[in-house]
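1. For reference, the sequence and a predicted model appear below.
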Amino acid sequence: CDVCLHRFVEQLSDTEHLAICGLHEFNLLQDKLSWELKIKKKVKIVPSFLGKFRPAVGQCCHQCTPDSLRKKVGQNSFPGFRNLLSVNERQTRYRGWLVRRVCCALFVSGCKVYGSPASDRLERVCQSNRVKKALAADHKALEGKDSRGQFSLLSKFLPLINTCVSPRLLRFLSWVILKLFASVFGSIQVNLNHLPALHKASQEGTPLVYVYVRQNAMDCSLIPLVLFCHSLRVPYTLCPLQVQSCFLRSLLQKIGVVLLPPSMTELEAEGDPLYSAVMTSLIRELLHEGQVLSVGVSAESGLCGRWLARIRQLIKEGSVPDVSLVPVGISYDCVTKTNVQVGLRSVLLQLLSTFWKKPEGSVRIDLAQPFSLKEMCESGRCRVDEWLPLQDLLLPVILNDRSNSVFGKRRMSWLLPLNASDHEEMSPSDQDLSIAVILHLLFLTTSSLAVMSTSLVSSLLLYRHHKGVSMSVLCRDVAWLTEEVLFRNRDVGFGGSIPEVVHYSLTLLAPHLIISAFPSRKDPHIVPRPSSTLHLTIQAQTVVHAFILEAVGACAVSAMLCEVVFTGVSSRVRTDGVKGEEVKGDMEFNVVLGQSELVEKALQLCHLLPPGVMPPCQSSQSFALDAVDSLVRCGILVMEEVSRDVPICDFMKREGTLVWTTTDDPYHSDSDCEEPESRSYKISQPSQCPDMLFFLCSMLAGHLRALCWTIKALDLMDAPVAEAEFVSGVRSHLCDTANQKKQHYESCSEEAVHTAVRTLIDLGVLSEKRQTGGDFLGVSPLFQMSENREKLHHFISQYLYN
């Protein structure tokens, strides 16, 4: 059976795995895939409607920016895709044998380039009021009292201000990057749907700001390359990498890359008031020149939000009329983490390694529809008046066992860390509005990501078949999950037959899987390596984002069933023609789940989700209600039919008396006599329902388990420690816990630890104190009691299915 096979495979060493599976020649499995897969025909994974009617990806928010949504160009036809690496003579004006050999160089030379010399930008930045005020507040500048002393303070920022775009160097490096990416990726597919809108917005004169989610260093080079190949203005890229080589710094600054100051991290630079003033003035001058910016956002650090807050502050002051924000989704088949520090030696080693390996994986880039930042902020449609601290939303429920939650939305002020000078310029309402824009961009960029084939396979192996699955079942589930993703208006970044797509995904994920091909079995058996669950979790994040509604609703159902178990309510088993306690049919729980209780559980879970998952323009109550309704659409919940002796329309007999109202009362009608009844649900009986419920619950299990383990780690904390030391200690504790259990390694990632610590700070479990050495974290007096920590742990663990 599959369970015995899974246990046997777990006991094998890596050498025995290779001997049995034949992973040295993994391509031999291609014949095995097509051999008795129980799929006689090569059914296309991409349904037929994708050719003409693809899911609408990257559209503006209809609630916050309806005017920008009406400006959509070419909405009746889909232009298709373009592979940047497939450059032939059709992209040039010439034809012939020699042209086919040098077509890439001819294509690069024919692209339109917008030069951007620095000219007198340095003088304008130094003469700005912000820079003068920051210099006056510096004690060193006051001691010098002359221009030389002030100029010495600005010396480390001069290369940043003098960043320019050299047309010749840009063409040459674009050609180099195209050749380099051709040896790294199999293809770079660009969605051409919103490119006409970008061309139109650039012709209107409104500066564009491209926003993407930080994944690795390739993001900073992919966006300029795409814009260059489509004759759009190449942006000034705000790069967070620490480039140590002086040669690389000077080279990058001549193609529009704005780097951090030497020997300064992003956190140190953003905490410097002079750096903040210089960068704000620099952005103002770049937007005045009509330049384009490229900014990366990250929910983990929150430092990237400072750039967007500066742009919004300039619009409010009137220095800049308006900008158009363009979310960009960059989807990888294989996401690789890049070191923050970049040196000349490491770059050369990476360049040499690319010539010795075969191109693997592909990239999908989706440029969303541009929308006006001024419209979002000044129209009043983006509301932040219901934001409350997390401890006000959840602590009464956790500690006081209150049944009803406080209506509101979690305030995430840490997404916009500000120094003293920023607090003087921005009011609390402006800060909340800037955070709302950041949350919008996080959600829009994540929603623009295409679901890749490796994401589908990773999510199935993690959340549905963590004990292993045969090849034929995996092919069947890939086809099913693809249809479900498309049904949720999320596009996919692949196509082809089922065996081809599954084989391609398994080839990329082979180092993280155990593939066993036994002669006695018809299909190969695939088991994810326990130590590689972190990599598979990163790949499956786009699938989790597509199913976030169903995942929240499933966890709410799991929490309700957990309460049923603790209260001792028995379950009844329905058997077809069988008497007694023997179970041979589908299980039928003799419980009814009320709609109000389910929505309440889903609402409480919504407050624990990381930023960028929920639509920020939708209230938490509406999201929780949609989460419960989504389970009805999935078939997990069935609305209970209540039998009535009296028809529902006969409200006079139902109430017993006829209630008379005055004719001049405008607030009463006949329908007011009938109060809306709360709905109730039961779990459906099909055999697929438990598997689907557990599949959805396990999507949020890694995040919730990291919270539970972090709470247990508070028992080892005696005194307040520095924040960096505290995060490092928590992560080591989580790694030790995962090593002891030999599973759940996805709960000890760096991102999961940062999110868990930030959630506990917002809950009031950890107290944050600012001292001269930095921020120190300690357990608050309320949660120094073990009883309160147990209540918190029980509250979170109820959403973990068992």
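-> The structure has been received and is ready for your questions.
2. Quick check: next helix or strand after the helix or strand where residue 283 lies?
-> Residue 283 is part of helix 273-288 when elements are defined by DSSP states H and E. Heading C-terminal from helix 273-288, the first helix or strand you meet, by DSSP H and E, is strand 293-297.
3. Name the strands paired with the lengthiest strand in the chain and say parallel or antiparallel.
-> Secondary structure of the chain per DSSP state E: the longest strand is strand 324-332. Using DSSP bridges, the strands paired with strand 324-332 are strand 208-213 (parallel), strand 362-367 (antiparallel), strand 371-372 (antiparallel).
4. follow-up on the earlier one: which of the residues in the helix holding residue 283 are buried?
-> Residues of helix 273-288 classed as buried: 273-287 (neighbour count, 16 or more other C-beta atoms under 10 Å). Every C-beta, even on glycine, is put in place using the N, C-alpha and C of the backbone.
5. Next, the angle strand 208-213 makes with it.
-> Angle of helix 273-288 versus strand 208-213, following axes from the mean of the first three to the mean of the last three C-alpha atoms, to 10 degrees, is 130 degrees.
6. roughly how far is helix 273-288 from the heart of the chain?
-> In terms of C-alpha atoms, centre = their mean, to the nearest Å, the centre of helix 273-288 is found 28 Å from the chain centre.
7. who's in contact with stretch 388-401?
-> 402-403, 405-406, 408-411, 604, 607-608, 759, 762-764, 782, 788, 791-792, 795 (C-beta atoms under 8 Å, 6 or more residues apart in numbering).
8. Could you list the alpha-carbon positions for stretch 443-451 in PDB?
-> Taking Å, rounded to 0.1, in the frame of the first residue of the first chain, the C-alpha atoms of stretch 443-451 are listed here in PDB:
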ATOM      1  CA  PHE A 443      -2.400  42.900  -2.800                       C
ATOM      2  CA  LEU A 444      -2.400  44.000  -6.500                       C
ATOM      3  CA  THR A 445       1.100  42.800  -7.200                       C
ATOM      4  CA  THR A 446       0.500  39.400  -5.600                       C
ATOM      5  CA  SER A 447      -2.800  39.100  -7.500                       C
ATOM      6  CA  SER A 448      -1.000  39.800 -10.800                       C
ATOM      7  CA  LEU A 449       1.300  36.900 -10.300                       C
ATOM      8  CA  ALA A 450       0.600  34.000 -12.700                       C
ATOM      9  CA  VAL A 451       0.300  30.500 -11.100                       C
END
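9. Same list, the strands paired with strand 324-332, but as a markdown table with distance to residue 509 please.
-> What follows is the strands paired with strand 324-332, written out as a markdown table (distance: least, C-beta to C-beta, whole Å):
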| stretch | distance to residue 509 |
| --- | --- |
| strand 208-213 | 22 |
| strand 362-367 | 14 |
| strand 371-372 | 36 |
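10. a markdown table please, covering the ones you listed and showing mean neighbour count.
-> Below are those laid out as a markdown table (neighbours: other C-beta atoms under 10 Å):
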| stretch | mean neighbour count |
| --- | --- |
| strand 208-213 | 24 |
| strand 362-367 | 24 |
| strand 371-372 | 22 |
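11. Next, format these as a markdown table and append mean pLDDT.
-> Formatted as a markdown table, those follow (pLDDT from 0 to 100):
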| stretch | mean pLDDT |
| --- | --- |
| strand 208-213 | 94 |
| strand 362-367 | 93 |
| strand 371-372 | 92 |
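12. So for residue 184, which of those sits nearest?
-> Nearest of the strands paired with strand 324-332 to residue 184, taken as C-beta to C-beta: strand 362-367 at 9.3 Å.
13. Pull the distance from the closest one to the chain's centre.
-> 15 Å.
14. Contacts made by it with the rest, please.
-> Strand 362-367 is contacted by residues 57-58, 185-191, 193-195, 198, 210, 222-223, 226, 326, 328-333, 448-450, 452, 491, 493 when judged by C-beta under 8 Å, 6+ apart.
15. State the helix or strand in which the closest residue to residue 363 other than its chain neighbours lies.
-> Take residue 363 and drop its neighbours on the chain: the residue closest to it by C-beta to C-beta, 6 or more residues apart in numbering is residue 188, 4.7 Å away. Assigned by DSSP H and E, residue 188 belongs to strand 187-191.
16. Which secondary structure elements does that strand sit against?
-> When contacts are defined as 3 or more C-beta pairs under 8 Å, 6 or more residues apart in numbering; DSSP states H and E, strand 187-191 packs onto strand 81-83, helix 218-229, strand 362-367.
17. Following element in sequence after it, please.
-> If you walk from strand 187-191 toward the C-terminus, the next helix or strand you reach (DSSP H and E) is helix 195-204.
18. in that following helix, what's buried?
-> For helix 195-204, the neighbour count (16+ other C-beta under 10 Å) marks 195, 197, 198, 201, 202 as buried.
19. surely residue 751 meets residue 298?
-> No. Residue 751 is not in contact with residue 298 according to C-beta atoms under 8 Å; the separation is 9.3 Å.
20. show me the contacts for residue 538.
-> Neighbour list for residue 538: 335, 749 [criterion: C-beta under 8 Å, 6+ apart].
21. let's see it at 10 Å
-> Contact analysis of residue 538 by C-beta atoms under 10 Å, 6 or more residues apart in numbering lists 215, 332, 334, 335, 336, 337, 455, 458, 746, 749, 751.
22. among these, which ones are buried?
-> Neighbour-count burial (16+ other C-beta under 10 Å) applied to the contacts of residue 538 gives 215, 332, 334, 335, 455, 458, 746, 749, 751.
23. Mean neighbour count, the helices and strands packed on strand 187-191: which tops it?
-> With neighbours taken as mean count of other C-beta atoms under 10 Å, the helices and strands packed on strand 187-191 reach their highest mean count in strand 362-367, at a mean of 24.
24. so that one versus strand 187-191, what angle?
-> Between strand 362-367 and strand 187-191, the angle comes out at 20 degrees (the same axes, to 10 degrees).
25. quick revisit: can you tell which of the helices and strands packed on strand 187-191 is closest to residue 65?
-> Among the helices and strands packed on strand 187-191, strand 362-367 comes nearest to residue 65, with 16.3 Å by C-beta to C-beta.
26. Tell me what angle that closest one forms with helix 218-229.
-> Put simply, strand 362-367 runs at 70 degrees to helix 218-229, going by the same axes, to 10 degrees.
27. would you put the C-alpha positions of strand 362-367 in PDB?
-> Output of strand 362-367 as PDB, limited to C-alpha atoms (Å, rounded to 0.1, in the frame of the first residue of the first chain):
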ATOM      1  CA  SER A 362      10.800  30.200 -17.200                       C
ATOM      2  CA  VAL A 363       9.600  33.700 -16.100                       C
ATOM      3  CA  ARG A 364       6.200  35.200 -16.600                       C
ATOM      4  CA  ILE A 365       5.800  39.000 -16.300                       C
ATOM      5  CA  ASP A 366       2.500  40.700 -16.100                       C
ATOM      6  CA  LEU A 367       2.300  44.500 -16.300                       C
END
